[in-house]
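**Q** What follows is a predicted protein model with its sequence.
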Amino acid sequence: MQFTYHKHSGDEYIVVDGDLHKYLFKVRRHSKEKNLFFRNLDDNNIYEYKIINSGRRDTQFQLISSKELILKQSNSLHIGWCIVDSKTIEKVLASLNELGVEKISFIYCTYSQKQFKLNFEKLTKILINSSQQCGRSDLMTLETYDSLDEFINDYPDTYMFNFSTNHIDNIKNDIKTIVIGCEGGFSDDEITQISPDKIVGINSNLILRSETATVSVASKILI
């Protein structure tokens with residue numbers, strides 16, 4: 001782990017208990033003589049704490065130093081992802097976080113199954129755990145939209161990932177926001193909402209699953 005998340009990081013004193021306490025001192029067997037680094041993922045600082053009182057169920061830490069340490073992608077990417085099964089999203093969310101995706105807007109598109117409801121508390125936990133491992137210093141933004149119309153209205157410069165000879169590789173530096181379809185892709189009405197010059201693809205004739213397309217697009221644009 002590059003750091004440990006604690007929402008009160010930055011306070012002079014913090015207390016670690018519950019599952020985090022078990023993980024640090026029973027699973028990782030952290031030495032009580034060593035300092036720990038914490039982030040709150042609200043600011044860009046990393047905080048160094050020492051242990052001042054340790055018990056079986058909780059441990060108290062005191063702040064000894066802090067510094068600004070920004071670790072994130074130099075370029076940004078906002079993905080509009082037409083909603084698929086929440087289990088599919090949970091499976092690849094950590095990878096998208098590690099690639100440096102700045103924001104994901106989950107959209108109920110024409111072919112999205114409306115029964116899929118996202119557990120944002122669970123998704124946030126996935127992001128926090130991923131950031132602790134990869135060192136990312138900011139927390140990805142998550143939001144939802146009821147339709148592609150609403151999304152494009154708020155983000156009019158959106159690109160669309162679909163079959164196209166206009167390859168991402170040639171214009172990836174211009175893409176800041178891109179929408180990716182669910183299983184079944186986009187409806188004809190949805191496709192007409194995007195200017196043809198903003199519909200982009202990759203050099204492949206194969207049909208990608210939604211999660212494969214999302215990770216592939218993020219990789220091509222950000223790396």
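**A** Sure, I can see it.

**Q** contacting residues for the spatially most central residue of the chain?
**A** Most central in the chain under CA atoms, centre = their mean is N97, positioned 3.8 Å from the mean C-alpha point. Taking CB atoms under 8 Å, 6 or more residues apart in numbering, we find N97 in contact with 126-127, 130-131, 134, 136, 140. The way it works is simple: take the backbone N, C-alpha and C, and place the C-beta from them, glycine included.

**Q** now these: which count as buried?
**A** Buried subset of the contacts of N97 (neighbour count, 16 or more other CB atoms under 10 Å): 126-127, 130-131, 136, 140.

**Q** Pull the contacting residues for L208.
**A** Contacts of L208 by CB under 8 Å, 6+ apart are S216.

**Q** residues of stretch 79-90 that come out buried?
**A** For stretch 79-90, by 16+ other CB under 10 Å, it's 79-84, 88-89.

**Q** So which of the residues you listed are in helices?
**A** 88-89 (DSSP state H).

**Q** returning to what we had before: mind giving me CSV with the contacts of N97 and columns for distance to D17, secondary structure and pLDDT?
**A** Formatted as CSV, the contacts of N97 follow (distance: CB to CB, whole Å; DSSP: H, G, I helix; E, B strand; the rest coil; pLDDT from 0 to 100):
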residue, distance to D17, secondary structure, pLDDT
I126, 22, helix, 98
L127, 22, helix, 98
S130, 23, helix, 97
S131, 21, helix, 98
C134, 25, helix, 96
R136, 25, coil, 97
M140, 26, coil, 97
